[in-house]
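*Asks:* have a look at this prediction, sequence included:
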Amino acid sequence: MLPKNKIEEDIAIQVNGISKAYRIGLEEVKHDTLGSALVSFFKKPLRNLKRLKGLSKFNGFESSDIYWANKDITFNVKKGEVLGIIGKNGAGKSTLLKILSKITDPTEGQILIKGKVASLLEVGTGFNPELTGRENVYLNGTILGMTKKEIDSKFNEIVEFSGIPKFIDTPVKRYSSGMKVRLAFAVAAFLEPDILIIDEVLAVGDAEFQKKCLGKMKEISGNNGRTVLFVSHDLAAVGALCDRVVLLNKGSISDVGLPPDMIKKYLSSNNYVNEADYSDYKGSGDWLLTGINLLANDKRDENVIWQTGNSVIINLKYITKVFGKSPYVILLIKDSFGNTPFFCFSKVAFNGEISLKDIGEINIEIPKLPLLPGSYSIDVTFKYGRDTSYAKESIIDFEVHKGDFFGTGRLDDGLVNSVLVEQKWSFND
Amino acid sequence: MDNITIIEPRKSSNKINFKEIYRYKDLLYFMVLRDVTVIYKQSVLGFAWALINPVFSMLVFSIVFGKLAGVPSDGIPYPIFSYAALIPWTYFANTLNASGSSLISSAGLFTKVYFPRLIIPLTPVLSKLIDFSISFVILILLMFYYQYMPTMKLFLIPLLILILLLATAGLGFWLSSLAIQYRDVKFGITFAVPLLMYAAPVVFPASLILEKYGTTAYHIYGLYPLTGVIEGFRAAVISTKEIPWDLIGISLIGAILLFIIGLNVFNKLESNFADVA
Ligand SMILES: Nc1ncnc2c1ncn2[C@@H]1O[C@H](COP(=O)(O)OP(=O)(O)OP(=O)(O)O)[C@@H](O)[C@H]1O
Ligand SMILES: [Mg+2]
């Protein structure tokens, strides 16, 4: 056991049993008589006072409206390490970063930090629309903890990195939102802390600029042995940048390990396929869908991940009463904007006779999933000639995760409304 | 050897970290600069607005209280009598409004970045000094008009400004740290500030209290820091008026008390700001 307040030479951050309790609002009591509503109206100020007071005062931590955003979190970050933190929405990632950056105090536990910390929980904090780019660089820079002298000496580099030197004396309210982000990130990129804490700030900005930022971050951590703590939902970036990943789940650490392992674990716990509902269909009902499964390859694994470029299988289960009336199947794959990136149509894609048994399965294999990361759903239709037996929209929702379609290790997800197709490139002179 | 930062649940005995606030002095400077540059952007009259408020109040007060109601003014012409009071008063009122709601309006800042939060309510205390200084222009014109020649008593003004700053800052710290959790405070400030003006000797002289209620009441009244500041301002510019040292002394004590209380309340509540905002 190390003496208190001492930390080992090669450790930059030591987090010991950090917990954070928040007070969350409980549902208000509903009144069904005028009398009780009136009484409550006059009592309301008292209740409000109690509630507001409760935001900062806890009497014992048992009460039902207390929410542990972080619970007993312990880990170390080595000097020069890039540590990723991933987890679902509300897992407590931002809360942990806020505690680490002293924005909010932990309820329990202790953190020891060696070196100067800069945190970037948002790009452009404190940007004022009325001020010019130049004025905002100084304001934002000092908010992030730089001194005027430091900013003076880096000002030209900052402006150059932002790529918008022409607009530096224009009020920021005349900027496009992308320009604002570029300028803001440029300021942050030139902070020179020992430890940099970043929360999902790369999610904004166009693909080109994101790449520039990632490059800068690599430079920050690579060259000078700077420690970086990095929260992101962009698993490709996490995989590319981090040395180690902490997986958070409901406020606690569920695992710590190498990026590929943690990402796999996260995706499989996160694989989100809605319980499908087969009733409420349109059509005669002679031929019914009884089940739909999304599988990866042949593995009948419950926790499959659908990733761009993977080989996947859509498995349909049916039951039918009628035979031999030239049946066919239509599947429409819909994205969240209601477009149909692709469809599966047995009449054109299946070369042969369909012979149905009274109970059976249909498998549609897609050797290389061409969908970009996002949410999708499937419409299913069974037909006999012109008669619809079964038709239902959005029978199942699924999520496609980032994957390596082209086998190049690179994938921009800056594109929307499109699908990927195999392509061969050559450059001849 | 790198210095080690320890992050722990905050103890109630936590000391105010003045060194850290000093380290962030550049931030304070740019925040004040931001306030000053932004306030009159896209306005036609610009800094003239700093004069309009006290000048019109002076005109209205001179007619209503000076002429119609015949409120005494220690034998001083009512316009300069009220204007000398309106300069510190306008500063106090405007700063309190801005400072009291400053944490609420900067919630987006301190929930995203750490810096000493005291800088937030401190910013208007400094930035409003610009308007305050501008409003002296009219005072000088009035002095010429009524032929009050400047005397050595003008050197009193820095002391009065100090009292004013301490009181305003203290109250600003106090109210802003309550307002972030209880928004009622913000509404309360808008409601109470005009009333506080009638509690201060703006439209009447403090000597009225002395006449009506005696010396003890007069001295207790001095604990309201604006009393000493306003009477001091009048004495500083009006050559015939004597300096009310007793009032100024008591007001200084009142201001220091307010400052200390405000600072401590703020420091005690600071750790909750990000959670309750
Ligand atoms: N000030 C607050 N008061 C009450 N509850 C809060 C407060 N701040 C955060 N929470 C709660 O704490 C939990 C964790 O929030 P946090 O922002 O850390 O999640 P996250 O992991 O960053 O999620 P996301 O991926 O969506 O950014 C959430 O359930 C949230 O509602
Ligand atoms: Mg978050």
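*Replies:* Ah, there it is. Ligands and ions are numbered 1, 2, ... in the order given.
*Asks:* contacts, neighbours, all on C-alpha from now
*Replies:* Noted.
*Asks:* name the nearest residue to residue A:71, sequence neighbours excluded.
*Replies:* residue A:19 (4.3 Å; CA to CA, 6 or more residues apart in numbering or on different chains).
*Asks:* next up, phi/psi of the one you found, please.
*Replies:* phi -130, psi 150 (degrees, to the nearest 10).
*Asks:* count of residues packed around it?
*Replies:* 24 (other CA atoms under 10 Å in any protein chain shown).
*Asks:* surely it is in contact with residue A:110?
*Replies:* No. With contact defined as CA atoms under 8 Å, residue A:19 does not count as touching residue A:110 (9.2 Å).
*Asks:* residue contacts, the nearest residue to residue B:197 once chain neighbours are set aside?
*Replies:* The shortest distance from residue B:197 to any non-neighbouring residue, by CA to CA, 6+ apart, is to residue B:89 (7.4 Å). Shown in contact with residue B:89 (CA atoms under 8 Å, 6 or more residues apart in numbering or on different chains): B:197, B:202, B:226, B:230.
*Asks:* roughly how far apart are residue A:160 and chain B?
*Replies:* Separation of residue A:160 from chain B (CA to the nearest CA, to the nearest Å): 22 Å.
*Asks:* thinking again about what came up before, show the contacting residues for the residue nearest to residue A:71.
*Replies:* A:68, A:69, A:70, A:71, A:72, A:73, A:106, A:107, A:108, A:109.
*Asks:* which SSE is the residue nearest the centre of chain B in?
*Replies:* The centroid of chain B falls nearest to residue B:92 when counting by CA atoms, centre = their mean (2.9 Å). Using DSSP states H and E, residue B:92 sits within helix B:78-100.
*Asks:* just give the nearest non-adjacent residue to residue A:96, would you?
*Replies:* residue A:70 (6.9 Å).
*Asks:* mind listing what that neighbour touches?
*Replies:* Neighbouring residues of residue A:70 by CA under 8 Å, 6+ apart: A:18, A:19, A:20, A:21, A:92, A:95, A:96, A:250, A:251, A:252.
*Asks:* phi, psi of it?
*Replies:* Main-chain dihedrals, residue A:70, degrees, to the nearest 10: phi -130, psi 140.
*Asks:* show me the beta-bridge partners of it.
*Replies:* Judged by DSSP bridges, the bridge partners of residue A:70 are residue A:20.
*Asks:* got a pLDDT number for it?
*Replies:* Looking at residue A:70, its pLDDT reads 94.
*Asks:* relative to chain B, how far out is it?
*Replies:* Using CA to the nearest CA, we find residue A:70 at a distance of 14 Å from chain B.
*Asks:* mind listing the strands for the stretch 151-300 of chain A?
*Replies:* Under the criterion DSSP state E, counting those that start in this stretch, strands of the stretch 151-300 of chain A are mapped to A:195-199, A:227-231, A:244-249, A:252-257, A:287-296.
*Asks:* so which of those is the most packed in?
*Replies:* With neighbours defined as mean count of other CA atoms under 10 Å in any protein chain shown, the strands of the stretch 151-300 of chain A peak in mean count at strand A:227-231, which reaches a mean of 26.
*Asks:* that strand: partners in the sheet, and parallel or antiparallel?
*Replies:* strand A:82-86 (parallel), strand A:195-199 (parallel).
*Asks:* tell me the one of the contacts of residue B:89 nearest ligand 1?
*Replies:* residue B:197 (36.9 Å; CA to the nearest ligand atom).
*Asks:* and residue B:80, how far is that from residue B:71?
*Replies:* Taking CA to CA, to the nearest Å as the measure, residue B:80 falls 14 Å from residue B:71.
*Asks:* and these two? Which one has more around it.
*Replies:* Between residue B:80 and residue B:71, counted using other CA under 10 Å, residue B:80 has the larger neighbour count: 24 against 17.
*Asks:* got the contact list for that one?
*Replies:* By CA under 8 Å, 6+ apart, the neighbours of residue B:80 are B:139, B:142, B:143.
*Asks:* and what of residue B:121?
*Replies:* B:98, B:99, B:100, B:102, B:103, B:169, B:172, B:173, B:176.
*Asks:* list the buried residues of the helix or strand where the last one lies.
*Replies:* Secondary structure assigned from DSSP H and E places residue B:176 in helix B:157-179. Residues of helix B:157-179 classed as buried under the neighbour-count rule (16 or more other CA atoms under 10 Å in any protein chain shown) are B:157, B:160, B:163-179.
*Asks:* so who does the residue of the stretch 101-250 of chain B found nearest ligand 1 touch?
*Replies:* Of all residues in the stretch 101-250 of chain B, residue B:111 sits closest to ligand 1, at 9.0 Å by CA to the nearest ligand atom. By CA under 8 Å, 6+ apart, the contact set of residue B:111 is A:103, A:104, B:274.
*Asks:* and what of residue B:262?
*Replies:* Residue B:262 touches B:169, B:170, B:171, B:172, B:173, B:174, B:175, counting by CA under 8 Å, 6+ apart.
*Asks:* verify the contact between the fifth one and residue B:267 for me.
*Replies:* No. Residue B:173 lies out of contact with residue B:267 (CA under 8 Å); the separation is 9.0 Å.
*Asks:* count of neighbours near the closest residue to ligand 1 within chain B?
*Replies:* Of chain B, the residue with the smallest distance to ligand 1, taken as CA to the nearest ligand atom, is residue B:275 at 4.0 Å. Residues lying near residue B:275 (other CA under 10 Å) number 17.
*Asks:* can you list contacts of whatever helix or strand it lives in?
*Replies:* Element membership for residue B:275 (DSSP H and E) is helix B:273-276. Here helix B:273-276 makes contact (CA under 8 Å, 6+ apart) with A:22, A:55, A:56, A:103, A:104, B:107, B:110, B:111, B:177, B:180, B:181.
*Asks:* thinking again about what came up before, please name the residues that touch the residue nearest to the centre of chain B.
*Replies:* B:164, B:168.
*Asks:* repeat that for residue A:137.
*Replies:* Here residue A:137 is in contact with A:183, A:184, A:187 (CA under 8 Å, 6+ apart).
*Asks:* need those in a markdown table with neighbour count and distance to residue A:419, can you?
*Replies:* Shown next, in a markdown table, are the contacts of residue A:137 (neighbours: other CA atoms under 10 Å in any protein chain shown; distance: CA to CA, whole Å):
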| residue | neighbour count | distance to residue A:419 |
| --- | --- | --- |
| A:183 | 28 | 32 |
| A:184 | 24 | 33 |
| A:187 | 28 | 36 |
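*Asks:* just these: which has the poorest pLDDT?
*Replies:* Per-residue pLDDT puts residue A:184 lowest of those, at 85.
*Asks:* give me the neighbour count for residue A:35.
*Replies:* Look at residue A:35: counted by other CA under 10 Å, it has 10 neighbours.
*Asks:* check whether it sits in a helix, strand or coil.
*Replies:* helix (DSSP: H, G, I helix; E, B strand; the rest coil).
*Asks:* and what of residue A:325?
*Replies:* Going by three-state DSSP: residue A:325 is coil.
*Asks:* how many other residues sit next to it?
*Replies:* 13.
*Asks:* tell me the contacts of it?
*Replies:* Contact analysis of residue A:325 by CA under 8 Å, 6+ apart lists A:384, A:385.
*Asks:* show me which residues of the stretch 301-429 of chain A sit near ligand 1.
*Replies:* Within the stretch 301-429 of chain A, no position lies close to ligand 1 (CA under 6 Å from any ligand atom).
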